[in-house]
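A.B. asks: What follows is a protein structure lacking sequence information:
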């Protein structure tokens, strides 16, 4: 009976040791120590965890790799790359939406060319009309100035209403010239805006404009606002 109990105890001890060995083997860690030498252990010194390690299975094979913790510089680089990736994705989405909106307005680059020419023609017509207005006002001004000159030659005092009218006509000419200058300044901006539109349409439609030939302004300071077509 005593021999039987000893055998049972030995069996239990053997099973326990085998289980303990299997458990410890499944949790074996491989890492680099302070000197860069590969080490194995049931645990890792806390100050070496950030250097990364491997977990080995009971068969000695790597079942998990924990990479080293990133340095502050590496984290900054990673975050910058992620931010750039997001920015590029947003730009691509924005370009896609802009292209879709553009194709709703123009199915062919020549459609945009026609709109451009119409806008430029409208500006030319406006300037021509304003120049005609200037000619009319100048004629009226010359008449009033002639009256004033005749009065001065005869020694008469020039009436206040004539002097006021002369000043008003001069101011009117100045205002009209300002209107003309505003429209003239719109021309290079419109050309740059539509040049961008037409070239983009040629790219996304794979169609070439048959009648687009435009001399663009060379000033790098010309501001190009969003097109209002």
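C.D. replies: Ah, there it is. Because the structure is predicted, anything quoted here is derived from the model rather than measured.
A.B. asks: Share the number of residues neighbouring residue 198, please.
C.D. replies: For residue 198, the neighbour count with other C-beta atoms under 10 Å is 21. For every residue, glycine as well, the C-beta is placed using N, CA and C.
A.B. asks: can you check the one 5 residues further on too?
C.D. replies: Other residues within reach of residue 203 by the criterion other C-beta under 10 Å amount to 11.
A.B. asks: How far does the strand or helix carrying it sit from its chain's centre?
C.D. replies: Assigned by DSSP states H and E, residue 203 falls within helix 160-205. Between the mean C-alpha point of helix 160-205 and the mean C-alpha point of its chain there is a distance of 30 Å (C-alpha atoms, centre = their mean, to the nearest Å).
A.B. asks: what helices or strands is it leaning on?
C.D. replies: helix 72-105, helix 109-153 (3 or more C-beta pairs under 8 Å, 6 or more residues apart in numbering; DSSP states H and E).
A.B. asks: Just say which of these is most tucked in.
C.D. replies: Comparing those by mean neighbour count (mean count of other C-beta atoms under 10 Å), helix 109-153 comes out on top with a mean of 15.
A.B. asks: Determine the angle, from 0 to 180 degrees, between that one and helix 160-205.
C.D. replies: Between helix 109-153 and helix 160-205, the angle comes out at 170 degrees (axes from the mean of the first three to the mean of the last three C-alpha atoms, to 10 degrees).
A.B. asks: chain center to helix 109-153, what's the gap?
C.D. replies: With C-alpha atoms, centre = their mean, you get 41 Å for helix 109-153.
A.B. asks: That helix packs against which elements?
C.D. replies: Going by 3+ C-beta pairs under 8 Å, 6+ apart, helix 109-153 lies up against helix 160-205.
A.B. asks: need the helices and strands packed on helix 160-205 in TSV with mean pLDDT, can you?
C.D. replies: Formatted as TSV, the helices and strands packed on helix 160-205 follow (pLDDT from 0 to 100):
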stretch	mean pLDDT
helix 72-105	95
helix 109-153	95
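A.B. asks: circling back to that earlier point, could you check the angle the helix holding residue 203 makes with helix 72-105?
C.D. replies: For helix 160-205 against helix 72-105, the angle by the same axes, to 10 degrees is 100 degrees.
A.B. asks: what's the distance between the residue nearest in space to the middle of the chain and residue 152?
C.D. replies: Centroid-nearest residue in the chain, with C-alpha atoms, centre = their mean: residue 91, separated by 5.6 Å. Applying C-beta to C-beta, to the nearest Å, one obtains 69 Å for the distance of residue 91 from residue 152.
A.B. asks: hang on, the earlier thing: the helices and strands packed on helix 160-205 into a markdown table, with extra columns for distance to residue 160?
C.D. replies: Listed next are those as a markdown table, based on distance: least, C-beta to C-beta, whole Å:
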| stretch | distance to residue 160 |
| --- | --- |
| helix 72-105 | 56 |
| helix 109-153 | 11 |
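A.B. asks: So for residue 186, which of these sits nearest?
C.D. replies: Ranking these by proximity to residue 186 (C-beta to C-beta) places helix 109-153 first, at 6.3 Å.
A.B. asks: ok, the closest residue to residue 54 other than its chain neighbours - contacts?
C.D. replies: Distances taken as C-beta to C-beta, 6 or more residues apart in numbering place residue 30 nearest to residue 54, at 4.5 Å, with adjacent residues excluded. Neighbouring residues of residue 30 by C-beta atoms under 8 Å, 6 or more residues apart in numbering: 38, 39, 40, 53, 54, 55, 56, 62.
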